[in-house]
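> Predicted structure and sequence below. I'll ask about it afterward.
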Amino acid sequence: MLFINRFLLFLFFFGSISIATANKVTQNLFINRGVFTTVKSTTFPYFAFNSTTTFAPLNTVISILKTDTLIINVTNNDTIKHGFNVKNYAGTSFTINPAASISTTIIPTQRSVFIYYDHLNYPKNTYMGLAGMISVKDKATDIVYYWNLKDHLTSYNQQLAITNATVNWSNYYPDYFTINGKSFPDVQLDPTVKINNNVNDTIYIYVTNTGQSMHSLHFHGFHPKAAYVDCQKIKANWVKDTWGLFSMDAIILKMVPDKKGKYSVHDHNLVAVTGGNTHPNGMFTIMQIN
Ligand SMILES: [Cu+2]
């Protein structure tokens, strides 16, 4: 009898380990230098974390499940030293020399959103584009959107592209505003930005503010709920129609639409709904609820 109990105990402790093995997901990132082209065809120097050595103005959105183990490999494809850091995740801060690589592991525990960024010369490298999002979903079938908010001042990008250059951040008045590297109307063509769902769908919007300005998102028609927060002021479970996000805030908004129609979401600071002084070429998207 004693033997059987011990055998069952053995099974309980050791038999379950193999069942709980997490799924490993590998994401390669390359720090690329390139040129950003705005909604009005203005261009300026820019950096991004891309999944290949080809520059694109959108930082790779890393998407995993809460049961996954994420391995991120970062290669510095630029000619100067860069950094890599995952905000609020211990042990993920690195300096990367040109042509060198680092590897780090993230093991999530719940639905969540993290900002990964280049923390060197902060906020310079983050501002120049090097900040993206790690989204952690509950299940593969979740309806999820990704909004990485940024602001840009053309003249600052031109200046800061020069190694060791500095700018006066108290004179920062951005002239372009983007969601996932795009402004209105281009955002409407991005299926990870434009919400297109049905009444009673449960929609999760993963939002990171990796710009240097505060962005206050106003939802018309619905009041989302804060399902996860890493914010200076916002608390979990708040239900609101306007969400004031400080620089480097991250949040997951949960929204269940109760009626059909087209509804806008925009920055309540109306300067951010412009691009190069033209309205509405900024942080503005129109949701479609069927
Ligand atoms: Cu509004």
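Now that the structure is in, tell me what you want to look at.
> For the stretch 1-150 of the chain, which segments count as strands?
Counting by DSSP state E, counting those that start in this stretch, the stretch 1-150 of the chain has strands at residues 23-37, 43-50, 62-65, 68-76, 82-86, 94-96, 101-106, 112-117, 131-137, 143-152.
> got CSV for the ones you listed, with mean pLDDT too?
Shown next, in CSV, are the strands of the stretch 1-150 of the chain (pLDDT from 0 to 100):
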stretch, mean pLDDT
strand 23-37, 98
strand 43-50, 98
strand 62-65, 98
strand 68-76, 98
strand 82-86, 98
strand 94-96, 98
strand 101-106, 98
strand 112-117, 98
strand 131-137, 98
strand 143-152, 98
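> Save these as TSV, and put in distance to A165 and mean neighbour count too.
Just so you know, the C-beta spots here come from the backbone N, C-alpha and C atoms, and that holds for glycine as well. Putting the strands of the stretch 1-150 of the chain into TSV (distance: least, CB to CB, whole Å; neighbours: other CB atoms under 10 Å) gives the following:
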stretch	distance to A165	mean neighbour count
strand 23-37	15	17
strand 43-50	11	21
strand 62-65	30	19
strand 68-76	19	19
strand 82-86	16	22
strand 94-96	20	18
strand 101-106	26	16
strand 112-117	19	24
strand 131-137	19	24
strand 143-152	16	23
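> Looking at the ones you listed, spot the one closest to Q159.
Ranking the strands of the stretch 1-150 of the chain by proximity to Q159 (CB to CB) places strand 43-50 first, at 9.3 Å.
> Tell me the helices and strands packed up against the closest one.
Applying 3 or more CB pairs under 8 Å, 6 or more residues apart in numbering; DSSP states H and E, we find strand 43-50 packed against strand 23-37, helix 154-160.
> what distance separates it from the centre of its chain?
Centroid separation between strand 43-50 and its chain, computed with CA atoms, centre = their mean, to the nearest Å, is 16 Å.
> what's the angle from that strand to strand 143-152?
Orientation check (axes from the mean of the first three to the mean of the last three CA atoms, to 10 degrees): strand 43-50 against strand 143-152 gives 140 degrees.
> Which residues does strand 43-50 contact?
Contacts to strand 43-50, defined as CB atoms under 8 Å, 6 or more residues apart in numbering, come from residues 29-38, 55-60, 74, 78, 116, 118, 125, 128-130, 132, 152, 154, 157-158, 160-161, 181.
> What strands line up against that strand, and which way round?
The pairing partners recorded for strand 43-50 under DSSP bridges are strand 23-37 (antiparallel).
> Report the angle between the strand it pairs with and strand 131-137.
Using the same axes, to 10 degrees: strand 23-37 against strand 131-137 is 150 degrees.
> So which residues of the stretch 101-250 of the chain form helices?
For the stretch 101-250 of the chain, applying DSSP state H, counting those that start in this stretch gives helices covering 124-127, 154-160.
> Could you say which of the ones you listed is packed most deeply?
helix 124-127 (a mean of 22; mean count of other CB atoms under 10 Å).
> Tell me which other helices or strands it touches.
Applying 3+ CB pairs under 8 Å, 6+ apart, we find helix 124-127 packed against helix 154-160.
> which residues touch the residue sitting nearest the centre point of the chain?
Centroid-nearest residue in the chain, with CA atoms, centre = their mean: M133, separated by 2.9 Å. M133 makes contacts with 59, 61-62, 113-116, 146, 148, 206, 208, 210, 250, as judged by CB under 8 Å, 6+ apart.
> Tell me what N23 is bridged to.
N23 has these beta-bridge partners by DSSP bridges: D68.
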